[in-house]
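Colleague: Attaching a predicted model along with its sequence, questions to come.
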Amino acid sequence: MPIQIPVTRTTNPKPIPADVGRSFGDYFTDHMFLMDYDSAKGWHDHRIVPFDAVTLHPSASAIQYGQAIFDGHKAYRCDDGAIRLFRPHAHLDRLNGSAARLCMPAVDKDDVLEGLLRLVDLDRDWVPHQQGTALYVRETMIGTEGFMAVRPAARYTFMIFLSPVGSYYSEGSAPVSILASETHVRAARGGIGSAKAAANYSASLMASEQAKAAGHTQVLWLDSVERRFLEEVGTMNVMLRIGNEIVTPPLSDSILPGVTRDTALTLLREWGETVSERPIAIDEVMAGIRSGEIEEVWGLGTAAVVSPIGQLTYRGETLTVGGGKTGSVTSRLYAEITKLHRRPDNDPHGWSVLVDGSGAA
């Protein structure tokens, strides 16, 4: 049975930006979806309200103990004029996985998807038209109970808000420069690296800022034990073409299970590519780039989709990957995934969900 979602429309609509091609997260739409949880009632009070600040107890567990998770995906204005979400079910599955890891309550995916569809439909004029743009969907859950003991909260707020976005990196789809860090790690074995937890991102900030100060776009993260094996790049999963083999690190409790990663692996295998999920040592990568055996390295994530890596620096040595140009597999993946976003006739897996104005999938 469909849930009741009362809608309070804004009385002060904001101007919709004419061009978001070079912005990411600078604008927010007029409305947001909220619901609350307590241990006695479960999830309740589903509602769509004007976008605004939320109020928190100073000792809320989100502030004091980091009980904060999120996920993100996109809504696209397709070639037929309709608006569609791409793989929202997979993102909600991942959200619930993150919630379980941080001892937070699971959401009802059908209820959340219904609220999301109504929200995107309400703010559909904010979905940008330009190629390479989208409406970013940010789902967030925070612990809101105020207390001082170290334990899971008994109360939570879940929210969805929307932002029209363009390219995540200032380089757009051009190859980026990456610094491999031996000093800092993104996530430790046995920790919360496979959850999309706020704490993982705050842990990455120092290394990212140091990389940018040295002229790089982002960090190549190595494992926390040996500081040897590739894990992620920036906020993305990482893939390489080594000869005729496509290689990506295997998922673990320190690597986020990327939905774009899964999409790419599915496509690559359908294309007949040889794909391996195996550990990759940084020494193997550097030797492969030097010899020319490694011609392509790229990151994959919801924000940037596919981001080619043109330079890699490790222990003071900077190597250019594939002549600093975007490789053929990287280009094909970007083209095919973005085609899936915008072409309803090109979706054999049923990954797209239509925003049809009725609030139902």
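Modeller: Cool, got the structure.
Colleague: For Arg269, see how far away Ala174 is.
Modeller: In this view, Ala174 and Arg269 are 28 Å apart by Cβ to Cβ, to the nearest Å. Where you see a C-beta, it was placed from the backbone N, CA and C, and this is true even at glycine.
Colleague: Can you list the residue ranges for helices in the protein?
Modeller: In the chain, the helices defined using DSSP state H lie at 61-64, 88-101, 109-122, 198-213, 259-270, 282-291, 328-342.
Colleague: what's across from Val137 in the sheet?
Modeller: Under DSSP bridges, the beta-bridge partners of Val137 are His73, Leu162.
Colleague: Correct me if wrong: it contacts Lys74.
Modeller: Yes - using Cβ atoms under 8 Å, Val137 is in contact with Lys74, at 6.3 Å.
Colleague: returning to that earlier point: compare Ala174 and Arg269 (neighbour count), which wins?
Modeller: More neighbours surround Ala174 than the other of Ala174 and Arg269, with 15 against 12 (other Cβ atoms under 10 Å).
Colleague: which residues are in contact with both of Val137 and Lys74?
Modeller: By Cβ atoms under 8 Å, 6 or more residues apart in numbering, Val137 and Lys74 have these common neighbours: Leu85.
Colleague: Report the contact partners of Tyr350.
Modeller: No Tyr there; residue 350 is Gly. No residues are in contact with Gly350 under the rule Cβ under 8 Å, 6+ apart.
Colleague: where does the stretch 251-361 of the chain dip in pLDDT?
Modeller: Low-confidence segments of the stretch 251-361 of the chain, defined by pLDDT under 70, are located at 358-361.
Colleague: and with 80 instead?
Modeller: Residues of the stretch 251-361 of the chain meeting the criterion pLDDT under 80: 344, 357-361.
Colleague: Can you give me the buried ones in stretch 196-205?
Modeller: Applying a neighbour-count criterion of 16 or more other Cβ atoms under 10 Å, one finds 196-200, 203-204 buried in stretch 196-205.
Colleague: repeat for stretch 256-272
Modeller: Within stretch 256-272, the residues scored as buried using 16+ other Cβ under 10 Å are 256-265, 267-268.
Colleague: so what's Ala82 closest to, chain neighbours aside?
Modeller: Leaving aside its sequence neighbours, Ala82 sits nearest to Leu354 (Cβ to Cβ, 6 or more residues apart in numbering; 6.1 Å).
Colleague: partner residues bridging that neighbour?
Modeller: Counting by DSSP bridges, the residues bridging with Leu354 are Arg84.
Colleague: Hmm, it is touching Arg84, no?
Modeller: Yes - the pair Leu354 / Arg84 is scored as a contact, 5.5 Å apart, by Cβ under 8 Å.
Colleague: Which one's more surrounded, these two?
Modeller: Arg84 (25 against 15).
Colleague: separation between that one and Arg138?
Modeller: Separation of Arg84 from Arg138 (Cβ to Cβ): 18 Å.
Colleague: next one: Ala287
Modeller: Distance, Ala287 to Arg138, using Cβ to Cβ: 40 Å.
Colleague: can you check Arg94 too?
Modeller: Arg94 sits 14 Å away from Arg138, going by Cβ to Cβ.
Colleague: and for those two, which residues touch both?
Modeller: Contact criterion Cβ under 8 Å, 6+ apart; residues shared by Arg94 and Arg138: Asp71.
Colleague: who's more crowded, these two?
Modeller: Arg94 (23 against 16).
Colleague: need the contact list for the more buried one.
Modeller: 71, 196, 257, 259.
Colleague: Without its sequence neighbours, what residue ends up closest to the second one?
Modeller: Residue nearest to Lys196 in three dimensions, not counting chain neighbours: Ser98, with 4.8 Å by Cβ to Cβ, 6+ apart.
Colleague: neighbours of the one you found, just the number please.
Modeller: Residues lying near Ser98 (other Cβ under 10 Å) number 23.
Colleague: same thing with Leu230?
Modeller: For Leu230, the count of nearby residues is 25 (other Cβ under 10 Å).
Colleague: Start the count at 314 instead of 1 going forward.
Modeller: In the new numbering, first residue 314, that becomes Leu543.
Colleague: how near is the nearest residue in space to it that is not next to it in sequence to Leu569?
Modeller: Leaving aside its chain neighbours, Leu543 sits nearest to Ile593 (4.7 Å; criterion: Cβ to Cβ, 6+ apart). Distance, Ile593 to Leu569, by Cβ to Cβ: 17 Å.
Colleague: Can you give me the end-to-end span of stretch 605-618?
Modeller: Stretch 605-618 has an end-to-end distance of 25 Å (Cα to Cα, to the nearest Å).
Colleague: buried sites along it?
Modeller: For stretch 605-618, the neighbour count (16+ other Cβ under 10 Å) marks 607-618 as buried.
Colleague: before we move on, what about stretch 347-359?
Modeller: Buried, per 16+ other Cβ under 10 Å, within stretch 347-359: 347-350, 356, 359.
Colleague: Report the rounded mean pLDDT for it.
Modeller: For stretch 347-359, mean pLDDT rounds to 97.
Colleague: List the contacts of that stretch.
Modeller: Residues contacting stretch 347-359 (Cβ under 8 Å, 6+ apart): 316-318, 346, 360-362, 367, 418, 420-421, 424, 428, 457, 467-472.
Colleague: Stretch 482-495 too?
Modeller: Here stretch 482-495 has contacts from 335, 445, 480, 520, 523-524, 527-535, 540, 546-547, 595, 617, 619-628, 634, 637-639, 647, using Cβ under 8 Å, 6+ apart.
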